[in-house]
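Student: Sequence and computational prediction follow.
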Amino acid sequence: MTSPGTLLVTNIGELTTNDDEHRDGARIADAAVVIEGDRFVWVGEASAAPSVDQRLDAGGRAALPGWVDAHTHLVYAGDRSAEFEARMAGQAYAAGGINVTVAATRAADEAELERLLVQRVSEAQASGTTALETKTGYGLTVADEERAARLAARYADEVTFLGAHVVPPEAEAEGAAGRAAYLDLVTGPMLDAVAPHVSAVDVFCEKGAFSEQESARVLRAAAERGLATHVHGNQLGYGPGVRLAVEHGSLSVDHVGFLDDGDVDALAGTWHDPARERGTVATVLPACDLSTRMPLAPARRLLDAGVPIAIASNANPGTSNTSSMAFCVATAVLQMRLTVAEAVRAATLGGAIALDRHRAHPAVGDRPERPRLGVVAVGARADLHLLDAPSASHLAYRPGMPLTHAVWRAGRRVV
Ligand SMILES: N=CN[C@@H](CCC(=O)O)C(=O)O
Ligand SMILES: [Zn+2]
């Protein structure tokens, strides 16, 4: 194995691969990986590693797949720290705050919006995020949503259309007719405008946002165009979000703070239903739960019921202004009662499953081949996160500490 650009990272004290073939929670002790181009080409015990042209000694540090952040809202302008401060003084979160960001985002010029997006993506990368999904949803006109989707497609691995975030004020002012006209727009011309840039459609199914019937319409329109779906559901109270996601075969339902037994059973059932190609992931957003002072999503209960979960940051200016996946993982361990291995897996492979990126996709039309994410395995994209720690447990054992030592994304060292 001597082709130029081949790199051996060796003397990895503990490597989390997420590859179930490896014993001990898919971890290998005293491990090494070989990266060639944008892929892993060899993974195993350091003593058996092939010799290659470049070699990096990891000094016994722990390594894991880069974080796969499957839920963010990074295309926006403006600041909502005053709303946050009021919330910490006792005010409840309400969907209406989204419109403050919509106004600031519409007012920003494209270069500024792109600068802000790039800054946020680099910030996420600096703490080990190597793959991320981001959503539109702060434009809410055809032109503003198209602009957000187009910009996002330059920097995110997956882009999701969230025209159904809230009904914007100019439509809300027209009452029921304005609402209906806005839904016509979201499921028609707006969806057509963003379609070249997005792989999925999302809807905020909640009081103050979209009803069950309205949300179902959005999900049907996505399916008619062959797009995958996600649902923001059960965030502020019990509701139909999970049920809708299950009925419509969504890749994930996100937030899931308020679940009854029927919701949990329905999600688990999607993974045992032979009529389905795959099930619906429950994506938990611990930083958002804390920042809105909502109960933490029942991640332990979901896992015990057999529901695959993802942990994501939900980075956005309203409910979760952080892209730190390490913070989310530490919270999931310390407060949601996950083991370290479960939390790390949910923030890497879990995110990849929520985005349908745990498997490789062949090239289609203009879209190049998309390699597997969230695992350290031969053929997967070479996304690797080296910690300044001997074990991944330090992510929760030393919460809040800057543990990112080095990061490779698609074979390129970025940190
Ligand atoms: N819940 C809906 N959307 C975002 C919040 C958006 C905002 O408040 O700006 C979320 O996922 O929490
Ligand atoms: Zn969100």
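Tutor: Happy to help now that I have it. Ligands and ions are numbered 1, 2, ... in the order given.

Student: Relative to ligand 1, which residue of the stretch 301-415 of the chain is the closest?
Tutor: In the stretch 301-415 of the chain, the residue found nearest to ligand 1 is residue 318; the distance is 2.2 Å by Cβ to the nearest ligand atom. In this view, the C-beta of every residue, glycine as well, is placed from N, C-alpha and C.

Student: from memory that residue sits against residue 94, does it?
Tutor: No. Counting by Cβ atoms under 8 Å, no contact exists between residue 318 and residue 94, whose distance comes to 9.8 Å.

Student: Please say which of these two ends up with more neighbours.
Tutor: Neighbours around residue 318 and residue 94, counted as other Cβ atoms under 10 Å, are more numerous at residue 318. The numbers are 24 against 15.

Student: Assumed that one was part of a helix.
Tutor: No. Secondary structure assignment (DSSP: H, G, I helix; E, B strand; the rest coil) places residue 318 in coil, not in a helix.

Student: Give me every residue in the stretch 101-250 of the chain lying close to ligand 1.
Tutor: Near ligand 1, the residues belonging to the stretch 101-250 of the chain are 101, 204, 232, 235 when assessed by Cβ under 6 Å from any ligand atom.

Student: Just these: which are in strands?
Tutor: When strands are assigned by DSSP state E, the members of these inside them are 204, 232.

Student: Buried only: go through the residues of the stretch 101-250 of the chain next to ligand 1 for me.
Tutor: The neighbour-count criterion (16 or more other Cβ atoms under 10 Å) marks 101, 204, 232, 235 among these as buried.

Student: ok, what's across the strand from the third one?
Tutor: In this case it means residue 232. According to DSSP bridges, the residues that bridge with residue 232 are residue 204, residue 254.

Student: distance of residue 129 from ligand 1?
Tutor: 17 Å (Cβ to the nearest ligand atom, to the nearest Å).

Student: Distance to residue 131 and pLDDT added to the buried ones among the residues of the stretch 101-250 of the chain next to ligand 1, as a markdown table?
Tutor: What follows is these, written out as a markdown table (distance: Cβ to Cβ, whole Å; pLDDT from 0 to 100):
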| residue | distance to residue 131 | pLDDT |
| --- | --- | --- |
| 101 | 24 | 98 |
| 204 | 23 | 98 |
| 232 | 20 | 98 |
| 235 | 24 | 98 |
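
Student: want to throw the residues you listed into CSV with distance to residue 75?
Tutor: As requested, those are exported to CSV (distance: Cβ to Cβ, whole Å):
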residue, distance to residue 75
101, 10
204, 16
232, 16
235, 20
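
Student: Which residues does the helix or strand containing residue 300 contact?
Tutor: Secondary structure here is read from DSSP states H and E; on that basis residue 300 sits in helix 299-304. When contacts are defined by Cβ atoms under 8 Å, 6 or more residues apart in numbering, helix 299-304 is touched by residues 256, 259, 264, 267, 282, 284, 309, 311, 332, 336-338, 342, 346.

Student: If we use 6 Å, what do you get?
Tutor: The contact list for helix 299-304, computed with Cβ atoms under 6 Å, 6 or more residues apart in numbering, reads 282, 284, 309, 336-338.

Student: what do you get for stretch 32-49?
Tutor: Stretch 32-49 is contacted from outside by 6-10, 30-31, 52, 376, 378, 380-382, 410-411, using Cβ under 6 Å, 6+ apart.

Student: what's the most distant pair in these?
Tutor: For the contacts of stretch 32-49, the farthest-apart pair by Cβ to Cβ is 30 and 410; their separation is 25.9 Å.

Student: of those two, who's got more company?
Tutor: Of the pair residue 30 and residue 410, residue 410 is the one with more neighbours under other Cβ under 10 Å, namely 18 against 14.

Student: sec struct for residue 159, please.
Tutor: Strictly by three-state DSSP, residue 159 counts as strand.

Student: And the contacts of helix 299-304, which is closest to residue 219?
Tutor: Top of the list for closeness to residue 219, among the contacts of helix 299-304 and by Cβ to Cβ, is residue 282 at 17.0 Å.

Student: you'd agree that closest one is up against residue 306?
Tutor: No. With contact taken as Cβ atoms under 6 Å, residue 282 and residue 306 are classed as non-touching, separated by 10.9 Å.

Student: Comparing these two, which residue is more hemmed in?
Tutor: Just comparing residue 282 and residue 306: by other Cβ under 10 Å the higher neighbour count belongs to residue 282, 33 against 14.

Student: Can you name the residues that contact that one?
Tutor: With Cβ under 6 Å, 6+ apart, residue 282 has these contacts: 256, 267, 302, 307, 309.

Student: Tell me which of these fall in helices.
Tutor: In this view, these that belong to helices under DSSP state H are 267, 302.

Student: out of the contacts of residue 282, which touch ligand 1?
Tutor: Within these, nothing lies near ligand 1 by Cβ under 6 Å from any ligand atom.

Student: Format the contacts of residue 282 as a markdown table; extra columns: pLDDT.
Tutor: What follows is those, written out as a markdown table (pLDDT from 0 to 100):
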| residue | pLDDT |
| --- | --- |
| 256 | 98 |
| 267 | 98 |
| 302 | 98 |
| 307 | 98 |
| 309 | 98 |
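
Student: CA atoms of the helix holding residue 300 as CSV?
Tutor: The C-alpha coordinates for helix 299-304 follow below in CSV (Å, rounded to 0.1, in the frame of the first residue of the first chain):
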residue,chain,number,x,y,z
ALA,A,299,-33.5,8.3,25.4
ARG,A,300,-33.0,5.5,27.9
ARG,A,301,-36.6,4.4,27.5
LEU,A,302,-36.4,4.5,23.7
LEU,A,303,-33.2,2.4,23.6
ASP,A,304,-34.6,-0.1,26.0
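
Student: how far out from the middle of the chain is it?
Tutor: 19 Å (Cα atoms, centre = their mean, to the nearest Å).

Student: element containing residue 238?
Tutor: Using DSSP H and E, residue 238 falls within no helix or strand.

Student: Where does the closest residue to it other than its chain neighbours sit: helix, strand or coil?
Tutor: Taking Cβ to Cβ, 6 or more residues apart in numbering, and ignoring the residues beside it in sequence, residue 238 has residue 258 as its nearest neighbour in space, at 4.6 Å. When the structure is reduced to helix, strand and coil (three-state DSSP), residue 258 reads as coil.

Student: so what's residue 258 up against?
Tutor: Each residue near residue 258 by Cβ under 6 Å, 6+ apart is listed here: 234, 237-238.
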